[in-house]
Each structure stands twice: as C-alpha cells, then as structure tokens.
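> Predicted model and sequence below, questions to follow.
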Amino acid sequence: MRTATTRWLPAVWLSGRGSGRQVTATCGSLPQARLGRSRWKPPRLSRGYVPLGCPCGGSTHKGISLSKSLDARRRTRRIARFGSQGEIGVAYRGADGKGLAWLTGRRYEGRLWARCEKPAELLVTAESAREETLAEVRVPVAAGRWQACPFTLTPNRDDVAGRFAIKLASSGEVWLARVYVEPDDWGWPETLATRDLPPIAMVVCHPLSAPPAVGQDIWAAQPAAAGCEIRIFDPSQPERSARTIFSDADGCIYDMNVSNNARELLFSYRGKDEPNWHIWRIGTDGTGLRRLTDGPCHDVSPCLLPDGDIVFVSTRRFGYTLCQPGPSLNLYRMAEGDHSSSVA
C-alpha cells in the first residue's frame, strides 16, 4: 500500500473484500492516500509509530511496556474509513518487529489517547502471529477533545510473536496519539501489586512560595493561588476518578496526616482572609468536618496518637531564636478540645 510519493504509510494496514470501497489514511506530513479496489498488503512499520516498547524475547516475557509523550505534530495518526466493507487501523509487533508475547488467561491493561469530531468506536485487539484474534474489546470515543480511553485484554491462548492492533471497523474518523498496554498485577513484583492496596488520600492545592530559610515556610510561605481539595483515590479501581471529600476555592491546605485506623484525616488549613494555619479533622468518608485549633498562631503537621491525643507543630509559644527571623516552632500535644501542652 503506497502513496503517490512511493513512501510506506507507517503502521497502517487494510483488509476486507469487496469492490469500489474507498479508505483514507494519512499520517504526519505524508500526503493522503486513497485506496480503491485492491488486495490486502501489509506495509512496513515505521519505527516508533504506535508508541509502545516491547523487549520481546521468548515465552518467558511477562508483559508489554509503554509509552512516549503525546506530540500533536509527530506522534498522532489519523485513520478514516468510508463505506461498510473492510477495516483499517494501526498495528504493532514490538520494538524489534519480531512480535509481542501474549499469555493465556492473563489480563493486560492499557489506555489510548484519541479524539474525533463525531462519536466513533475502535476495536482494540491482541492477535497471534497469524493475525488471529486472541482478545478484543470495543472502545468508544466521544466527540470533542483528546481523551484517555482505558481497555483490558485477556488472550485466550499463548503466542510469543503476536501483535497489538487498533482498528476502525466502521465508517468514521479518529485521531490516535499515545498508547500503552501493560500486564495486570501478575506481571509485577508482589510489592508493586495494586489490587490489594487500600484507598489513598491526597491533597490537591497550589504550591507554596519558597521561604527565606529552612524552617520558616510555616509563617513566610504563601500559596501561588487560592483553592484546595482533599481527594480519595482507590488504586484497585484505577478507571474511577478520585472522590473529593473536602473542597474550598478560596482556602489552602499546608499538610495532612491519616489516623492509625485510616478512618480520619487531620490537616492544617486556612480559609479566605485567615492569616494562620489551624488544624482540622474530617472522616475519610467526608463526614465529621470540624476545627480543632484557633488563635493568633500557626498549627501544622498534626499526627493522631494511639490514645486519641494529637501531636502537632505550633508557634503558640510566641518565642524567637537569635539565628533566624520569625516565630520559633515547638512540638505540642493536644487532647480533644484544644487543651494543649508543650512537648518540646
């Protein structure tokens, strides 16, 4: 399959029977190629197209690895098809072109980045060396901006020289960019498995400015912009978005810690027009939000102790040191109700 300039179209292939069909394939700066009545002829793969890397060696290879960054000028491919016969798509056989190793019953996870002007559906497949389908999944692409489309594949038999393919099997037009596919937890060391990991709490906020010296960020550093959130992410369900349990468009969070039973979060926060950081408490389910400290001092870095008390860092002694400007920091222990006592 050649263009008018006799250059191969990278990783583009055509199959199907019938007469009078017309398929369009473009890539990078190559001219558009219109294919009419022709027999299937697989082209050469240009190095680096579907940006997957795979050191395919033999049957002991456990997975396929990944990715290059999206570049709208160099790393995108457009596939378009008119009519109802045949199919067009992109295929990848590994970095060395000798094929990918698929293992029976093993789950592979991946994502592809795509966009289209009208809703489309892609067919993502794991195939054998003879291009027989070992696993397939339909991936819908909504019209609009670039989007990450997740998919999973579970091959029904082994093949050490297979290929990975993305097809547009019905009329439409789709731009493809970055793609990756990797083994599920079975391909990783047990310490890196994600299926049994608990939910993760995270703070989302703008960075603080650099303080004039070490240890002075509590009173000197300022957020680059207002706005903060606390989110809970479940790594065992990576396809789901993180759940927001606290949000303030005008406030900022300094730091956060989790309780021993992972049911509560302690965080230092200040709202709009507040000059000082203070300690707050919230359940990991988003309930029970309450303020624990107050006053003209900074209270940060709370940590819940086994007996229910809270240890934290504070400027409430209102002391100073000879070598640094600003208030000095001390460690305090607090029982419920802000009855605190200095520890160090």
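Ah, there it is. Numbering: from 1, shown residues only.
> Extract the residue ranges of this structure that are flagged as low pLDDT.
Across the chain, the ranges flagged by pLDDT under 70 are 1-75, 83-87, 336-344.
> Helices of that one, start to end?
217-220 (DSSP state H).
> Residue 295: neighbour count?
12 (other C-beta atoms under 10 Å). Using the backbone N, CA and C atoms, a C-beta is placed for each residue, glycine as well.
> my bad, residue 298
Using other C-beta under 10 Å: residue 298 sits among 22 other residues.
> Quick check, it in contact with residue 276.
Yes: counting by C-beta atoms under 8 Å, residue 298 does reach residue 276; the two are 5.1 Å apart.
> what's the spacing between residue 325 and residue 274?
Distance, residue 325 to residue 274, by C-beta to C-beta, to the nearest Å: 22 Å.
> now residue 127
For residue 127, the distance to residue 274 - C-beta to C-beta - is 60 Å.
> and what of residue 119?
47 Å.
> Repeat that for residue 241.
30 Å.
> same thing with residue 293?
12 Å.
> try residue 165
Separation of residue 165 from residue 274 (C-beta to C-beta): 56 Å.
> Neighbour count: those two, which is higher?
residue 165 (22 against 12).
> mind listing what the residue nearest to residue 319 when sequence neighbours are not counted touches?
Spatial nearest neighbour of residue 319, chain neighbours left out: residue 328 (4.5 Å); criterion: C-beta to C-beta, 6 or more residues apart in numbering. By C-beta atoms under 8 Å, 6 or more residues apart in numbering, the contact set of residue 328 is 315, 317, 319-321.
> residue closest to the middle of the protein?
When C-alpha atoms, centre = their mean is applied to the chain, the residue found nearest the centroid is residue 238 (8.2 Å).
> Please list all residues in contact with the closest residue to that residue other than its chain neighbours.
The shortest distance from residue 238 to any non-neighbouring residue, by C-beta to C-beta, 6+ apart, is to residue 194 (7.2 Å). Each residue near residue 194 by C-beta under 8 Å, 6+ apart is listed here: 185, 235-236, 238.
> That concludes my questions; thank you for your assistance.
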